[in-house]
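*Asks:* what follows is a predicted protein model with its sequence.
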Amino acid sequence: MSNKIIIIGAGYAGLVALEELAKDAKNEIVLLDKNSYHFLQTDVYDLIANEYDFAQVSVDMFSFCAGFQGNVTFLKELVNNVDFKNKKVITQKQRLSYDYLVIAVGSRTKFVTNVKGLKEYAFGVKALHRAIYFKQKFELSLFQKVQESGSFCSPINIVVAGGGLSGVEIAAQMASYAKDFYKNNHFICRKLNIIVVNSQATILQGMDKRLIDASQKRLEELGVKIILNRKVIEVSKSTVTLSKGEVLPTDFMIYAGGIEPNGLVYSLDLDKDDKGYLKTNNYLQSENYTDVFAIGDCTSIYKDGEKIPPTADTAEQMGEVCAKNITALIKGKELKKHTIKSRGVLIALGRNYSAAKLMGFFFKGYLAYLAKKIVEKVYFKKLDAISKKGCSKIFS
């Protein structure tokens with residue numbers, strides 16, 4: 001008799017759980033996602049800066065799921081809700097039964113409602129389609145500035161709201177790309193103003209001071225201006241207004257000021273914390289149902305009373321723990337508490353430059369850049385190998 005397992009969400013946590021659970025041929029796994037691809041969010045800034053193309057930051061889920069031993073099915077369907085009492089996942093098309101459920105729907109950019117014009121005029125880059133749209137708009141603006149060369153050349157003004165990891169990385173990558181773009185092509189028009197606005201007293205609040213200092217110095221070397229202790233209070237098509245009255249001209253406003261759980265979470269009849277994230281116990285089970293697990297950015301986990309940052313690294317660890325505990329439930333064995341912790345931080349700071357803290361060691365520059373690329377390549381190659389096998393099956 002097979003074990004029916006449904007995983008909602010093809011993000012980092014969901015795919016790691018799937019890979020582990022698929023090793024047992026008795027597990028009948030259905031992966032559900034509204035998109036037909038897995039998006040490598042850690043590489044989005046390379047996409048925007050033209051170091052990678054679309055194919056290098058996404059993995060097709062149909063071929064990926066076909067790459068297993070016949071016990072994994074992918075359904076491109078939007079999940080509307082879950083009937084936990086009757087153990088049914090409700091999609092736009094059907095009701096699917098499960099024995100065990102994994103909720104791994106991730107998070108999305110939180111466009112706060114108290115900032116006028118934010119949702120209408122700001123870009124988020126957490127979703128692939130948003131990142132591609134911004135990339136196209138950014139490149140078109142660069143081209144238009146080249147067209148202005150020899151006559152009037154106005155600057156491209158980009159405001160990045162949020163001095164966390166996402167805000168810092170995207171500012172650095174765009175500044176680095178633009179610098180090389182102008183230098184390599186000898187264009188006369190070389191005006192790009194990037195401003196990072198952060199509500200905290202420092203960028204990368206809460207991180208190791210060496211990472212903060214290295215990142216700030218790198219941003220300044222790239223010509224990025226940093227404004228601290230300010231909040232964005234209003235956004236229009238051409239301006240951004242800050243909490244102390246400054247009005248900044250802008251062609252693009254990128255919002256990296258925070259995240260929230262993806263939309264499905266709000267529909268689920270499960271306990272949530274004060275910020276809307278799903279509550280779980282030490283085994284990553286929902287506090288309401290022992291056969292329901294929540295992993296990745298849609299939940300919050302803690303170590304010694306401190307929230308563990310929602311990164312790809314922690315999401316993958318959660319996927320592993322979740323799979324092992326589902327296996328333990330199936331076999332009637334004792335579940336194990338998670339011991340998840342951040343294994344390191346790798347910050348992309350422009351072409352050929354990163355800052356890193358891995359296993360307690362801090363380093364920066366090209367060596368850190370290589371370390372980041374190795375981590376990303378290893379992850380992608382593993383998924384790509386499974387997808388290649390699946391593609392061969394489909395077209396054989």
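*Replies:* Thanks, I have the structure now. Residues are numbered from 1 along each chain as shown.
*Asks:* list the contacts of the spatially most central residue of the chain.
*Replies:* Nearest to the geometric centre of the chain sits residue 41, at 4.2 Å (C-alpha atoms, centre = their mean). If you count contacts by C-beta atoms under 8 Å, 6 or more residues apart in numbering, residue 41 has them with 12, 126, 312. C-beta here means a position set from N, CA and C on the backbone, and glycine is covered the same way.
*Asks:* which of these tops the neighbour count?
*Replies:* Neighbour counts for the contacts of residue 41 peak at residue 12, which has 28 neighbours (criterion: other C-beta atoms under 10 Å).
*Asks:* hang on, residue 254 in a helix?
*Replies:* No - using DSSP: H, G, I helix; E, B strand; the rest coil, the assignment for residue 254 is strand, not a helix.
*Asks:* residue contacts, it?
*Replies:* Applying C-beta under 8 Å, 6+ apart, we find residue 254 in contact with 122, 123, 124, 125, 134, 158, 159, 160, 161, 167, 170.
*Asks:* would you list the buried entries among the residues you listed?
*Replies:* By neighbour count, with 16 or more other C-beta atoms under 10 Å, these hold 122, 123, 124, 125, 134, 158, 159, 160, 161, 167, 170 as buried.
*Asks:* need the contacts of residue 41 in JSON lines (columns: secondary structure).
*Replies:* Converted to JSON lines, those look like this (three-state DSSP):
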{"residue": "12", "secondary structure": "helix"}
{"residue": "126", "secondary structure": "coil"}
{"residue": "312", "secondary structure": "helix"}
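*Asks:* what is the distance between the longest helix anywhere in the chain and the centre of its chain?
*Replies:* In the chain, taking DSSP state H as the definition, the longest helix is helix 366-395. Centre-to-centre, helix 366-395 and its host chain are 17 Å apart (C-alpha atoms, centre = their mean, to the nearest Å).
*Asks:* identify each buried residue in stretch 352-366, please.
*Replies:* 353, 354, 355, 356, 357, 362, 364.
*Asks:* same thing with stretch 366-378?
*Replies:* Residues of stretch 366-378 classed as buried: 368, 369, 371, 372, 373, 375, 376 (neighbour count, 16+ other C-beta under 10 Å).
*Asks:* same list (those) but as CSV, adding distance to residue 25.
*Replies:* Formatted as CSV, the buried residues of stretch 366-378 follow (distance: C-beta to C-beta, whole Å):
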residue, distance to residue 25
368, 41
369, 41
371, 37
372, 36
373, 35
375, 31
376, 31
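*Asks:* distance check, residue 138 against residue 108.
*Replies:* To residue 108, residue 138 is 21 Å away according to C-beta to C-beta, to the nearest Å.
*Asks:* residue 115 contacts residue 236, correct?
*Replies:* No - with contact defined as C-beta atoms under 8 Å, residue 115 does not count as touching residue 236 (11.4 Å).
*Asks:* of the two, which one has the most company?
*Replies:* Taking neighbours as other C-beta under 10 Å, residue 115 and residue 236 compare with residue 115 leading, 19 against 14.
*Asks:* contact partners for that one?
*Replies:* Contacts for residue 115 (C-beta under 8 Å, 6+ apart) come out as 232, 233, 234, 235.
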